[in-house]
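Participant: Sequence unavailable; structure follows:
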C-alpha cells in the first residue's frame, strides 16, 4: 500500500462518491477506483460497498476509517513540523474564501503580495458558504478560510480572528414605494418578498437573526451577490447586503436604491478561521501574516 491510496480511501469515505472524491483528489475517476481496489486487496478486506448510485462503508471500513484518518493526519503533521524546522515556506496552501468585494478585502492584491514573497507556494482558492468552509478547515481539507460568521462556537477548536465588521443595508428597486423614506423599518421589509442566501451562508445567519420573531417570506435563495442584485433589479423582491457590497453594485446603477434599516442591528462580521497554531504549516502561518498586514493597512 502507499500513502496516496490511504488518502484516496479517506477522501472516498468522507465524500461517499467516486465522482466527488476524484474531483477532490485531482485524479480521474477510473484511476481512483483502481487504486481503491488495490488498497482493499492489499488489506484483505472490502472497505466500501458500491452500487450504481451510492458508496458506503462496510463494517470493516467503519472500523478502519479512524485509523486511516489518523495516519494521514500524522503524515501531514510531519510535513508541517519539517517545514517549521527548516524554515521552508513551500508546498500547497488551500484557502476558503466567501464572496467579498475588493472594497472590503482586496483578495487579488493580498494574493499578489503573498505570491511575491513566497513564490514556491501553490495556492488553491475554494468558495462556498461559511458553514461549509469552516467544516473544511476543521476537517483539514482547507488550511485557512475567510468567512462571515457572527457567532463562532465557543467550544470550537478552531481559531476565529476578527477582520472587520460592516452594517447590512436594504437593496430595493429604485421605483419601490419604500424608497420614498430615508430609512426603512425591518417590519416593512418583512412584508416584502425576500431574496437571500441559503442556510449555511454567513449573511443568512445574520438576516435570520435580525428577523427573529418577525415572519418574512424568502421567495428566492441564491448563492452569489450578483444573483441577488439581478433578482432585485428584476423587481422580484428586496434584499439585505453588507454596505460595501451593496454600494459596489448599486451606486452607479439608477435602477437600484439603498436604504439603512431601522428596528434591528444587523451587520456582518468577517473572520479568518484557522487551525490551532501547532497544526499550521509554514505556508499557512505566512498567509495569516499577509492577511493581518493587509487588514491593518486597510
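Facilitator: Received it, and whenever you're ready, just let me know what you need. The model shown is predicted, which means the values in this text are computed figures rather than measured ones.
Participant: okay, CA-based contacts and neighbour counts for the rest of this
Facilitator: Will do.
Participant: what's the helix or strand hosting residue 95 packed up against?
Facilitator: Per DSSP states H and E: residue 95 is located in strand 91-97. Counting contacts by 3 or more Cα pairs under 8 Å, 6 or more residues apart in numbering; DSSP states H and E, strand 91-97 packs against strand 121-126, strand 144-147, helix 282-297.
Participant: could I get these as a markdown table with distance to residue 234, mean pLDDT and mean neighbour count?
Facilitator: Below are these laid out as a markdown table (distance: least, Cα to Cα, whole Å; pLDDT from 0 to 100; neighbours: other Cα atoms under 10 Å):
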| stretch | distance to residue 234 | mean pLDDT | mean neighbour count |
| --- | --- | --- | --- |
| strand 121-126 | 29 | 91 | 14 |
| strand 144-147 | 29 | 92 | 28 |
| helix 282-297 | 35 | 89 | 17 |
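Participant: In a markdown table, list those along with distance to residue 176.
Facilitator: Output for the helices and strands packed on strand 91-97, formatted as a markdown table (distance: least, Cα to Cα, whole Å):
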| stretch | distance to residue 176 |
| --- | --- |
| strand 121-126 | 36 |
| strand 144-147 | 32 |
| helix 282-297 | 36 |
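Participant: what about those, which gets the closest to residue 31?
Facilitator: Closest to residue 31 of the helices and strands packed on strand 91-97 is strand 121-126 (Cα to Cα; 22.4 Å).
Participant: Which secondary structure elements does that closest one sit against?
Facilitator: Using 3+ Cα pairs under 8 Å, 6+ apart: strand 121-126 touches strand 91-97.
Participant: mind listing what the strand it packs on pairs with, with the direction of each?
Facilitator: Using DSSP bridges, strand 91-97 pairs in its sheet with strand 121-126 (parallel), strand 144-147 (parallel).
Participant: any idea how this structure splits into domains?
Facilitator: Domain assignment of the chain by automatic domain parsing yields the ranges 3-85, 91-157+271-297, 164-268.
Participant: looking at the helices and strands packed on strand 91-97, which is closest to residue 94?
Facilitator: Evaluated over those, closeness to residue 94 peaks at strand 121-126, with 4.9 Å, by Cα to Cα.
Participant: And the next helix or strand past that closest one?
Facilitator: helix 130-138.
Participant: Mind listing what's buried along the helix or strand hosting residue 85?
Facilitator: Here residue 85, judged by DSSP H and E, is contained in helix 59-86. By neighbour count on 16 or more other Cα atoms under 10 Å, the buried set for helix 59-86 is 61, 65, 68, 69, 72, 77, 80, 81, 83, 84.
Participant: do stretch 98-107 as well
Facilitator: 98, 99, 100, 101, 104, 105, 107.
Participant: Quick one: mean pLDDT over it.
Facilitator: For stretch 98-107, the mean per-residue pLDDT is 77.
Participant: and if you look at stretch 171-182?
Facilitator: Averaged over stretch 171-182, pLDDT sits at 91.
Participant: How far off centre is it?
Facilitator: Stretch 171-182 has its C-alpha centroid displaced from the chain centroid by 32 Å (Cα atoms, centre = their mean, to the nearest Å).
Participant: Can you tell me what sits against it?
Facilitator: Defining contact as Cα atoms under 8 Å, 6 or more residues apart in numbering, one finds that stretch 171-182 is touched by 184, 229, 232-235, 237-241, 246, 254-260.
Participant: Could you pull out the helices in this structure for me?
Facilitator: In the chain, the helices defined using DSSP state H lie at 3-15, 18-25, 29-43, 59-86, 107-117, 130-138, 186-190, 202-210, 225-233, 243-250, 282-297.
Participant: Need those in TSV (columns: distance to residue 216).
Facilitator: Formatted as TSV, the helices of the chain follow (distance: least, Cα to Cα, whole Å):
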stretch	distance to residue 216
helix 3-15	35
helix 18-25	36
helix 29-43	44
helix 59-86	43
helix 107-117	34
helix 130-138	23
helix 186-190	5
helix 202-210	10
helix 225-233	16
helix 243-250	21
helix 282-297	35
